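The following comprises the amino acid sequence and a computationally predicted model.
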Amino acid sequence: MTVQQVKQQFRIIGNCKPLNQAVEIAMQVAPTEVSVLIYGANGTGKDIFSRIIHQYSRRKHEPFIAINCGAIPEGTMDSELFGHEKGSFTSAHEARKGYFEEVEGGTIFLDEIAEMPLATQSRLLRLLENGEYLRVGSSKIRKSNVRVVAATNKNLIDLIHKGKFREDLYFRLNTVTINVPSLIERGEDIELLFNYFAIEFANKYHREPIELTDEANELLYKYRWPGNVREIRNLAEKLTVLIKGTEVNAETLQQNLLIRENYLPSLVRMAQINGGNEESQNSGGKDVDLLYQLIYDLRKEISDVKKMMFMGMKTREREPLLMEEEEDDWDQPLIYTDNSHKVHEPEIIHSVKNIKQNTPVLEESLSLEKKEKEMILRALRKHHDNRKKAAQELGISERTLYRKIKNYGIEV
């Protein structure tokens, strides 16, 4: 099966490079038994990738079940997943199988894994490591042969630092990572998806498909889509039902958006994601996207910036002689971005004119790439190229460190 055939089978609409890469990784890991952790914001379709993994695995003829950990009350989580014995708690009038027992031999998809209580995380870790678990209220060890695929929209590294997620469970689940891109990262897929859903709902409600004017079409690319694919699908259905005629102009589109003032400063098509000549990808396009990315992530990465600054000051205290020549530069903020695991809150940026006052900050931040590269090199040297320890030293996730090593061309 090719990537395009899999996308067609699971109704995955889009051709951007990050999406195709995610599908390809899912296909590659499916025949194996490794644990998979899927990252992606709400509404990106993380569950589809778990179904791809199950469908192309050796367990495809066995049960598959998707569980939203955030929808199960904390007090009943252990019982739901691992079952319980009669009389183990007040309302336990009879013994009950848990989900792991129900899907024996198959695949279980644990969505919103970050919402799982620590006590349940310990039980899950034992099951993943030894294939063993206990029903609630029982001392009899039971065996389980179930493949676990987990997903989250949160930064698990941050939760580990806060003591809300077990580090050993993270590494046990994160054998292979699949990153599902947000809609804003998918360039021309935005227009493709809207048109697809417009036709789908036109057929459903027996009417002509709605069409966007050129101005309305441009607005699609300015909007940030906090609800991702789910939001654009709901918008297409809403407009199909409510609009008289078939033409949708920019004003009508804006009035029906979920968050009307949730825009980027100007049109973002991110053409290099979808291809284009190599020269344009390696020159002007990257510079423009870097600027957009800095604007887009500036307010969302405050906590990580503070961590890096804090770690930088600690390094400065430990190495006063090395840092003496750079004394004046350490008061400058270090900007880095890694928003792939976070749910973005609405942010209002009406136009480029409205951000003129921030222009000096952006220019200053762009000039600090050399400083950030030096910090990464220091951390790697200190920990003898151990990326995990270097990332902890810098106060960022390993994934972010890997990306920056690649971007800066650092040899490890």
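It's in.

can you give me the strands in the stretch 101-250 of the chain?
In the stretch 101-250 of the chain, the segments counted as strands under DSSP state E, counting those that start in this stretch are 107-111, 132-134, 141-143, 147-152, 176-179, 211-212, 247-248.

Tell me which of those is the most buried.
Highest mean neighbour count of the strands of the stretch 101-250 of the chain: strand 147-152, a mean of 26 (counted as mean count of other Cβ atoms under 10 Å). (Glycine included, C-beta is placed from N, CA and C.)

Alpha carbons only: can I get that one in CSV?
The C-alpha trace of strand 147-152 is given here as CSV (Å, rounded to 0.1, in the frame of the first residue of the first chain):
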residue,chain,number,x,y,z
ARG,A,147,-0.8,-3.4,21.9
VAL,A,148,-1.0,0.1,23.3
VAL,A,149,-1.1,3.3,21.2
ALA,A,150,-1.3,6.5,23.1
ALA,A,151,-2.0,10.1,22.1
THR,A,152,-1.9,13.6,23.7
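
Parallel or antiparallel, list what pairs with it.
Here strand 147-152 is paired, per DSSP bridges, with strand 36-39 (parallel), strand 107-111 (parallel).

now those strands in JSON lines, with distance to E218 and mean pLDDT?
As requested, these are exported to JSON lines (distance: least, Cβ to Cβ, whole Å; pLDDT from 0 to 100):
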{"stretch": "strand 36-39", "distance to E218": "30", "mean pLDDT": "96"}
{"stretch": "strand 107-111", "distance to E218": "34", "mean pLDDT": "96"}
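
Would you format those strands as CSV with distance to Q121 included?
Below are the strands paired with strand 147-152 laid out as CSV (distance: least, Cβ to Cβ, whole Å):
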stretch, distance to Q121
strand 36-39, 14
strand 107-111, 11
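
Surely I410 and E374 touch.
No - using Cβ atoms under 8 Å, I410 is not in contact with E374; the gap is 10.6 Å.

For R58, what are phi and psi?
phi -70, psi -10 (degrees, to the nearest 10).

now the helices for the stretch 101-250 of the chain?
118-130, 156-161, 167-173, 189-204, 214-222, 228-242, 250-255 (DSSP state H, counting those that start in this stretch).

List the buried residues in the fifth one.
By neighbour count, with 16 or more other Cβ atoms under 10 Å as the criterion, the buried positions of helix 214-222 are 216-222.

Mind telling me what element I405 is part of?
Secondary structure from DSSP states H and E places I405 in helix 398-408.

Show me what that helix is packed against.
helix 369-382, helix 387-394 (3 or more Cβ pairs under 8 Å, 6 or more residues apart in numbering; DSSP states H and E).

okay, these, which one's buried deepest?
Of those, helix 387-394 is the most buried (mean count of other Cβ under 10 Å), at a mean of 19.

tilt between that one and helix 398-408?
With axes from the mean of the first three to the mean of the last three Cα atoms, to 10 degrees defining the directions, helix 387-394 sits at 90 degrees from helix 398-408.

circling back: what's the closest of the helices of the stretch 101-250 of the chain to V29?
Closest approach to V29 among the helices of the stretch 101-250 of the chain (Cβ to Cβ): helix 167-173, 12.9 Å.

Need the contact partners of the closest one.
For helix 167-173, the external contacting residues (Cβ atoms under 8 Å, 6 or more residues apart in numbering) are 35, 37, 113, 121, 124-125, 128-129, 148, 150, 156-157, 160.

mean confidence for stretch 73-81?
Stretch 73-81 carries an average pLDDT of 88.

For it, measure first residue to last.
12 Å (Cα to Cα, to the nearest Å).

One more: stretch 55-65?
End-to-end span of stretch 55-65 (Cα to Cα): 12 Å.

Give the buried residues for that stretch.
Quick answer for stretch 55-65 (16+ other Cβ under 10 Å): 55-57, 59, 62, 64.

go on, stretch 107-125?
Counting neighbours by 16+ other Cβ under 10 Å, the buried set in stretch 107-125 is 107-116, 120-121, 123-125.

any weak-confidence spans in the stretch 151-300 of the chain?
259-300 (pLDDT under 70).

What of the stretch 1-150 of the chain?
Looking along the stretch 1-150 of the chain with the criterion set at pLDDT under 70, you get 90.

Can you give me the domain assignment for the chain?
When the chain is parsed with automatic domain parsing, its domains come out as 3-181, 184-255, 301-408.

Could you check how far stretch 40-60 is from the centre of its chain?
Distance of stretch 40-60 from its chain centroid, counting by Cα atoms, centre = their mean, to the nearest Å, is 14 Å.

Same question for stretch 175-194.
On Cα atoms, centre = their mean, the centre of stretch 175-194 falls 10 Å from the chain's centre.

And stretch 398-412, by the same measure?
For stretch 398-412 - counting by Cα atoms, centre = their mean - the centre lies 19 Å from the chain centre.

do the same with stretch 220-234
For stretch 220-234, the distance to the chain centre is 15 Å (Cα atoms, centre = their mean).

Sort out which residues of it are buried, please.
Using 16+ other Cβ under 10 Å as the test for burial, stretch 220-234 gives 220-229, 231-233.

Since that was my last question, I'll sign off now.
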